[in-house]
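*Asks:* fold the following for me, if possible:
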Amino acid sequence: MDEIEFFINKHNVKNITIIDENFLANRERVESILNAFIERKYNLAWQMANVAVWYLDDELLSLMCKSGCTAISQSVESGSPRVLRDVIRKPLQILEKTSNIVRKCNELNINIVAHFVIGLPGETWEEIRQTFHFAETLNCDLVVFHIATPYPKTELYDICVKDNLLPPDFSFFSPEFYGTSRGFITTDEFTPTELMVVRSFERDRINFSTPQKAAKIAKMMNLSIEELNKHRKQTRLKCGVHY
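*Replies:* The predicted structure follows:
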């Protein structure tokens, strides 16, 4: 709290982002921090990236809102119960839990972003479409789609090597294989090119389905509508790969 006050008092900071996937893990600790935000009257806007969905409930979200929280982002990963259960091995109740969180965030005027991953080994094309459908019906302020990318010493990388799913020249040291916008995994169900195309166009279709949604996203991204439209066009032209 003293460190936050230092930035407020010495540098006139008005907005902070908490980047900590385990920030909510200790309920007593997080409540004491949020109550201190309120008691010290910081008048500070703050956001939280990478929220662990299973720690959230209506009571905690209300306290977060009261303490100045303006936005959260959560990782849903997939809209397919089978992929969540058998491929990612994430709690199945996350889909229902996520829907309830979005409802409460909308009620509290907390902007909410949801992240999804497509293109996992064992995932079917129809299950990828199921993820897009779930994202569309979720009523988030912004949905983000990532293409599954293996990292060193992970089970995903081991599977990709065992089943020969990566390009022959794949390397963790080559910029050609950085990021989650391109995709490098090929299976009988999809190719990297298919994933790139469907990802960029579904992102555009779902996020900007109405002028009102586009205007809100522009505000969230601190862009004018003209700047946002330029970004959208470049995303479509480059299939989401901007650098």
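*Asks:* S73 should be in a strand, yeah?
*Replies:* Yes - assessed by DSSP: H, G, I helix; E, B strand; the rest coil, S73 belongs to a strand.
*Asks:* now it. Nearest residue, chain neighbours left out?
*Replies:* Excluding its sequence neighbours, the residue lying closest to S73 (CB to CB, 6 or more residues apart in numbering) is V113, at 3.9 Å. Any C-beta I mention is one placed from the backbone N, CA and C, and that applies to glycine too.
*Asks:* quick one, what contacts that neighbour?
*Replies:* With contact set as CB atoms under 8 Å, 6 or more residues apart in numbering, V113 has these partners: 71-74, 140-144.
*Asks:* can I get these in a markdown table with neighbour count and distance to F173?
*Replies:* Listed next are the contacts of V113 as a markdown table, based on neighbours: other CB atoms under 10 Å; distance: CB to CB, whole Å:
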| residue | neighbour count | distance to F173 |
| --- | --- | --- |
| A71 | 18 | 35 |
| I72 | 24 | 34 |
| S73 | 19 | 29 |
| Q74 | 23 | 32 |
| C140 | 25 | 35 |
| D141 | 20 | 37 |
| L142 | 19 | 32 |
| V143 | 22 | 32 |
| V144 | 17 | 26 |
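*Asks:* from those, which single one is nearest L95?
*Replies:* For L95, the nearest member of the contacts of V113 is Q74. The distance, counting by CB to CB, is 11.8 Å.
*Asks:* next one, pLDDT for the closest residue to that closest one other than its chain neighbours please.
*Replies:* The shortest distance from Q74 to any residue other than its chain neighbours is 4.6 Å, reached at V51 (CB to CB, 6+ apart). Reported pLDDT at V51 in the predicted model: 90.
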